[in-house]
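Student: Pasting a predicted model and its sequence here:
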Amino acid sequence: DNISKEKRLGTSIREFVKNVVGKVFESYDDTLIDSMKEKGYQIEKKVPRTIVTTFGEVSTNRRRYIKPDATPVYPLDEAMGWQKYGRYSLLLVRNLSEFATKVSYRTGELAIRLFAPFTISHQKLNQLVTQAGQEFKKQQTSDERYIELKQAKRKPNVLYIEGDGFVFKGKNNKKLEGHRFQVSEGSQEIGKNRKQLIHAKDFVSLDRQTALKELTAYLGNTYHLSKTIVISNSDGGSGYEKAVFEEL
């Protein structure tokens, strides 16, 4: 019947796309040969790997490099951000995590089975979201995250900072208090009656001091503010008084 025909067509298209993406990964691996040899590495062998991506479950062969007194490396894995023993790509985990905040895990499992080029259980979806949250928190609070920042510090004429607390429901309908600070350089027109913030960044945490610490680190590593007008805004509630913004 027509439904079966479309299913078969979809299967063929997905298989074709997965094969193409696998070849693209191998071509990208080819481009890394010269730089690895310049670092003193030699190709040991090719090793297959399967990774679940937004394109589906993709299999590829990538090179393993070795050199004396060094741990063997897979430069393609590092370039793509594939974790050791990990099965899912970074973009896929990010998308799944965002999706899971809107629906229950069981509903997410059903939607993925119906519309995505891969399947995942609701238990695994829960596990991925938890791991992604832990990894994001670790990166967000790492003292080394600005070490390799190569861009010159920005010097805007005006910088806007606002902050406020909010309450939301957690597990078992438990009320939790969150804290959010936002910094931007103003807004710009992107269409009729539509605006977009310029270089906006949010800092959100269950702990106000943590969010404030992250905002302070970001400002110090991103901006030269000696000639900048800083405009702040809040409702003046506890933790968001004028003195807090003056300290910033």
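Tutor: Nice, thanks for sending it over.

Student: Apart from its chain neighbours, what residue comes closest to the spatially most central residue of the chain?
Tutor: With distances taken as CA atoms, centre = their mean, Arg94 lies nearest the centre of the chain, 5.5 Å away. With CB to CB, 6 or more residues apart in numbering as the criterion, Arg94 has its nearest non-adjacent residue at 7.0 Å, and that residue is Ala132. All C-beta spots, glycine's among them, are computed from the backbone N, C-alpha and C.

Student: can you give me the strands for the chain?
Tutor: 42-53, 56-66, 158-169, 175-184, 187-191, 194-197, 201-205, 229-233 (DSSP state E).

Student: closest to Val24 out of those strands?
Tutor: strand 56-66 (8.6 Å; CB to CB).

Student: Could you report the separation of the nearest residue to Lys169 once chain neighbours are set aside from Ala211?
Tutor: Leaving aside its chain neighbours, Lys169 sits nearest to Lys175 (6.3 Å; criterion: CB to CB, 6+ apart). Note on Lys175: its distance to Ala211, by CB to CB, to the nearest Å, is 18 Å.

Student: Which among the strands of the chain is found nearest to Phe99?
Tutor: Closest to Phe99 of the strands of the chain, according to CB to CB: strand 42-53, at 14.7 Å.

Student: Can you spell out which helices and strands pack onto that closest one?
Tutor: strand 56-66, helix 90-100 (3 or more CB pairs under 8 Å, 6 or more residues apart in numbering; DSSP states H and E).

Student: hey, which of the ones you listed is tucked in deepest?
Tutor: For these, the largest average neighbour count (mean count of other CB atoms under 10 Å) is found in strand 56-66, namely a mean of 18.

Student: Please name the residues that touch Leu125.
Tutor: The contact partners of Leu125, taken as CB atoms under 8 Å, 6 or more residues apart in numbering, are 96, 100, 105, 108-109, 112.

Student: quick revisit: Lys175 and Ala211: who's more crowded?
Tutor: Ala211 (22 against 8; other CB atoms under 10 Å).

Student: Could you check the angle the longest helix seen in the chain makes with strand 56-66?
Tutor: The residue-count maximum for a helix in the chain (DSSP state H) belongs to helix 2-31. Angle, helix 2-31 to strand 56-66, by axes from the mean of the first three to the mean of the last three CA atoms, to 10 degrees: 20 degrees.

Student: how big is the angle separating helix 2-31 from strand 42-53?
Tutor: If you take the same axes, to 10 degrees, helix 2-31 sits at 150 degrees to strand 42-53.

Student: about what we covered before: state the pLDDT value of the residue nearest to the centre of the chain.
Tutor: pLDDT, Arg94: 85.
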